[in-house]
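Asks: Got a predicted structure here, sequence first:
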Amino acid sequence: MSEQNGQEQVLEKPESQLKEIWYSLCRNKGALIALGIIVFLIFVAIFRDFLMPYDPNYSDMGKAFQRPNSEHWFGTDQLGRDIFSRIIYGTRISLSVGLIAVTFALTVGTVLGSIAGYFGGKVDTVIMRCMDMMLAVPSILLAITFMAALGKGIDKAIIAIGLVSIPEYARIVRGSILSIKESDYVQAAKVIGNNDMTIIFKHILPNVLSSLIVRATLGISTAVLDTAALGFLGLGVQPPIAEWGDMLGRARGFIFSAPYTLIFPGMAISLTVLAFNMLGDGLRDALDPKSRNK
Amino acid sequence: MAEVLVEVKNLSKHFAAETDFLGRPTSVLKAVDNLSLTIYKQEALGLVGESGCGKTTVGKLITNLYQPTNGTILFEGKDLTKLSAKERRSYARDIQLIFQDPYASLNPRMTVGDIIAEPIKINKLLPANKVEERVNYLLNCVGLANHHRNRYPHEFSGGQRQRVGIARALAVEPKLIVCDEPVSALDVSIQAQVLNLLDDLKDEFGLTYLFIAHGLNVVKHISDRVGVMYLGQLVELADKEELYQNPMHPYTKALLSAIPNIDPTVKKQRIILSGDVPSPIDPPDYCHFCGRCYQKKDNCDALASPQLKEVKPGHFVACHLYE
């Protein structure tokens, strides 16, 4: 039986998939820069207490509206607080809201999408129509509604932003499951006696993972932006806690007289959003085998 | 060969081809229509027919991937269609499936060892420390080496992947293996290897095959009996020699004449059927082959669809010519 085997050589063992994806990502300069920025932001978020030159909440009215100088690199705001310190302080808030909200939305969305896609029929209709209803309302408006119901606070903001991003993940997972569930290896998994949950978690979801990673990376940037938007509207953190969107919102009256009070928090938001978007794009290219070897 | 393993009675599978606003079917695709056949223990029953004639659907009905619309499937006397999903899963051990496309039938994110071990673990056939030994044994049975265990499917060629698929099917020591065109996606040289492997394994493990293929030459190699399907129905069923020597149904004759012959001196009369396979959506009540039949009688489209009849011992035909 095995004598023919010599003719069928096993291909040279290719490099592991992870390595291949890493190399492909390295070739994309933009994604690499974005990754560098994100690593830097995470570093700042973790070690913020050592990096802040001043107490972000210490107000010295005598020093209000100082232009950027050697003492206060980004200047001071209307209450004489150091903007540089406040931006550093806000990094952890923006990043953690982004990460936690996306993780929450990803988990709930994956479960709902899997159930809808795998079982189909009425379950699918009910779940997906609910998702459609959420998608029909602009997400920031929906988040404001949730905040109005839940009350102010950063934890409430996480919940609100998480809730409004559920439909996106549910849709992606459902779509992928619909295409994979008819594939032969899923049928094979059924024939050998797997139950539905094992099939979903062991055979289907690992094959959906790459598109989810890309979407989640892009989702973090949306969440960061939403956090800032809620802060700008005065619905995010409680004062005096420093948060980028909140800083923008409170300084907007001084846009002509003291533009630096807006420019620096705005740049922090843009940089973070841009970095996550670029990394997401880079990951999409790297994870797609068709565009990988170009 | 006298003992019956599977008895399929009046099996039908209809799919809704179009549905109205409320999801009720307005037209029906009859993939399998009132089909009956018997599979004996340790035989290889070949099932041939054109693309779309429903042969794969028959395989998927027997392996429980589809629920039949009508009819019964008796496996060792027990009606599989009346079991609950859970009871039905316990029969997964006995009936396994080998897929047509070896590139699609293996999970790309699992190693070959995990793929073969999975059915053993799920059905709790062996204690955990014996699984690896069993996987190695199965790999050797299908002509692969132990060290292939840690490789991923994309590192293998089509023939090797199909061997992995065969090993996975063998892992649970099934009684029946439904081979759904197991070689049609492979090179001709590899086809022969895989067919020989299947043949050897059949003797070694005392297996029964339902061998689905779209070419009579492939089926000829491995089958004991051959059934010919046309548009969801079985039109002829006989022992292999009998069917190849003495085909009765006009469709079988046309199929046989289409097998290429390597001997240029033999002049064969090629029967070329006109027209396409009619759509299985809402098929006619009369003989389905009527529109393309070259031996059609005047009243064929007036009579009800012919039923399978035993015209010779062991030779069944569904045609008005033999009534």
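Replies: Cool, got the structure.
Asks: From now on I want contacts and neighbour counts done on CA atoms only, so please keep to that.
Replies: Noted.
Asks: Tell me which helix or strand B:Ala17 sits in.
Replies: Following DSSP states H and E, one finds B:Ala17 within strand B:4-19.
Asks: partners of that strand in the sheet?
Replies: Strand pairing for strand B:4-19, determined by DSSP bridges: strand B:25-40 (antiparallel), strand B:70-75 (antiparallel).
Asks: Rounded mean pLDDT for that strand, please.
Replies: Taken as a whole, strand B:4-19 has a mean pLDDT of 86.
Asks: Just give me how far that strand sits from the chain centre.
Replies: With CA atoms, centre = their mean, to the nearest Å as the basis, the distance from the averaged C-alpha position of strand B:4-19 to the chain average is 14 Å.
Asks: Is any residue of the longest helix seen in chain B near chain A?
Replies: Within chain B, and with DSSP state H defining each element, the longest helix by residue count is helix B:188-205. Yes - on the criterion CA under 8 Å from any CA of the partner chain, helix B:188-205 is in touch with chain A at B:Gln193, B:Leu197, B:Asp200.
Asks: can you redo the residues you listed as TSV with neighbour count?
Replies: Formatted as TSV, these follow (neighbours: other CA atoms under 10 Å in any protein chain shown):
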residue	neighbour count
B:Gln193	20
B:Leu197	18
B:Asp200	16
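Asks: where does the nearest residue to A:Leu248 once chain neighbours are set aside land in three-state SS?
Replies: Nearest in space to A:Leu248, with sequence neighbours left out and distances taken as CA to CA, 6 or more residues apart in numbering or on different chains, is A:Leu262 at 5.5 Å. Per DSSP: H, G, I helix; E, B strand; the rest coil, the secondary structure class of A:Leu262 is helix.
Asks: State the number of residues packed around A:Leu262.
Replies: 23 (other CA atoms under 10 Å in any protein chain shown).
Asks: Then B:Gln295?
Replies: Applying other CA under 10 Å, I find that B:Gln295 has 12 neighbouring residues.
Asks: where does it fall, phi/psi-wise?
Replies: phi -120, psi 20 (degrees, to the nearest 10).
Asks: Excluding chain neighbours, what is closest to it?
Replies: Leaving aside its sequence neighbours, B:Gln295 sits nearest to B:Pro250 (CA to CA, 6+ apart; 6.8 Å).
Asks: what pLDDT does that neighbour get?
Replies: We have a pLDDT of 88 for B:Pro250.
Asks: ok, now B:Ser27?
Replies: Here the pLDDT value assigned to B:Ser27 is 79.
Asks: from memory it sits against B:Glu18, does it?
Replies: Yes - using CA atoms under 8 Å, B:Ser27 is in contact with B:Glu18, at 5.5 Å.
Asks: follow-up on the earlier one: can you point out the buried residues in the strand holding B:Ala17?
Replies: For strand B:4-19, the neighbour count (16 or more other CA atoms under 10 Å in any protein chain shown) marks B:Leu5, B:Val6, B:Glu7, B:Val8, B:Lys9, B:Leu11, B:Ser12, B:Lys13, B:His14 as buried.
Asks: quick revisit: can you list the strands paired with strand B:4-19 in JSON lines and add mean neighbour count and distance to A:Pro68?
Replies: Output for these, formatted as JSON lines (neighbours: other CA atoms under 10 Å in any protein chain shown; distance: least, CA to CA, whole Å):
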{"stretch": "strand B:25-40", "mean neighbour count": "19", "distance to A:Pro68": "72"}
{"stretch": "strand B:70-75", "mean neighbour count": "20", "distance to A:Pro68": "81"}
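Asks: where are the low-confidence patches of the chain?
Replies: Using chain A. A:1-17, A:288-294 (pLDDT under 70).
Asks: my bad, chain B
Replies: Scanning chain B for pLDDT under 70 picks out B:1-2, B:23, B:267-268.
Asks: B:Gly215: neighbouring residues, count only.
Replies: 18.
Asks: quick one, what contacts the residue nearest to it when sequence neighbours are not counted?
Replies: Nearest non-adjacent residue to B:Gly215, counting by CA to CA, 6+ apart: B:Val48, 6.4 Å away. For B:Val48, the contacting residues are B:Lys55, B:Ile212, B:Ala213, B:His214, B:Gly215, B:Leu216, B:Val219, B:Val226, B:Gly227, B:Val228, B:Met229, by CA atoms under 8 Å, 6 or more residues apart in numbering or on different chains.
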